[in-house]
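Visitor: how does the following fold in three dimensions:
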Amino acid sequence: MKIEEILSKVDNYNCPLIEITGGEPLLQSETPLLINRLLEKKYEVLLETNGSINISVVDNRCIKIVDIKCPSSGENDKNDLENFKRLNQKDQIKFVVGSREDYEFAKETTKLISPGFPMRNVLFSPVIEQIHSSQLAEWILEDSLKVRLQIQLHKIIWPEKEKGV
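Guide: Sure, this is the predicted structure:
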């Protein structure tokens, strides 16, 4: 779809909050322009990115949710940890944790986050099919991490769907 078509469709929803997500939205060269256009129209815009691409191409008014891949994803070698330096105070860092190894990786990786970044904006989310949220919560509490536990609500609300709509 062309940007004008997307903007027209979005306007029909009468919703002030837009989240751009997918496999990796920044692979689409026009995503930063789409974000700018949505911001110009006074939408609050969130971008969920897999963390492998430099996020500095995105307007700072956009809230960036940077997903840092853990070992069980098989993608952790693609993380661009320089993105930690490109975050602003309203952005978020998300780790999707599927095992104790993932948890330890996430815990160690949080030590690389720039000082002053609000740790309340660091999210640990369990892979529902692999680890129970209560187990992840226990590990976070045992280690007194200042991160937030995030539950993937779409997997609870629509468990039969492979992907959210």
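
Visitor: who's the residue sitting nearest the centre point of the chain bridged to?
Guide: Central residue of the chain (Cα atoms, centre = their mean): residue 65, 3.3 Å from the mean position. Beta bridges link residue 65 to residue 48, residue 92, judged by DSSP bridges.

Visitor: any idea of the pLDDT on it?
Guide: Residue 65 carries a pLDDT value of 97.

Visitor: helix or strand with the lowest mean pLDDT in the protein?
Guide: In the chain, the helix or strand scored least confidently by mean pLDDT, DSSP states H and E is helix 153-157, which has a mean of 80.

Visitor: tell me which strands and helices that one is in contact with?
Guide: Where contact means 3 or more Cβ pairs under 8 Å, 6 or more residues apart in numbering; DSSP states H and E, helix 153-157 is not packed against any helix or strand. The C-beta positions use only the backbone N, C-alpha and C, and glycine is treated the same way.

Visitor: show me where this protein has its strands.
Guide: Applying DSSP state E to the chain gives strands spanning 17-20, 44-49, 63-68, 92-97, 122-126, 148-149.

Visitor: switch those over to JSON lines; also include distance to residue 158.
Guide: Compiled in JSON lines, these are given as follows (distance: least, Cβ to Cβ, whole Å):
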{"stretch": "strand 17-20", "distance to residue 158": "16"}
{"stretch": "strand 44-49", "distance to residue 158": "17"}
{"stretch": "strand 63-68", "distance to residue 158": "20"}
{"stretch": "strand 92-97", "distance to residue 158": "17"}
{"stretch": "strand 122-126", "distance to residue 158": "16"}
{"stretch": "strand 148-149", "distance to residue 158": "20"}
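
Visitor: nearest to residue 2, of those strands?
Guide: Closest of the strands of the chain to residue 2 is strand 17-20, at 15.5 Å (criterion: Cβ to Cβ).

Visitor: what's in contact with that closest one?
Guide: For strand 17-20, the surrounding residues in contact (Cβ atoms under 8 Å, 6 or more residues apart in numbering) are 10, 31, 34, 35, 38, 43, 44, 45, 46, 47, 48.

Visitor: identify each buried residue in that strand, please.
Guide: By neighbour count with 16 or more other Cβ atoms under 10 Å, strand 17-20 contains the buried residues 18, 20.

Visitor: next one: stretch 109-127
Guide: Along stretch 109-127, these residues count as buried under the neighbour rule (16+ other Cβ under 10 Å): 109, 110, 113, 117, 121, 122, 123, 124, 125, 126, 127.

Visitor: now the two most distant members of these.
Guide: Between any two of those, the greatest separation by Cβ to Cβ is 24.3 Å, found for 117 and 127.
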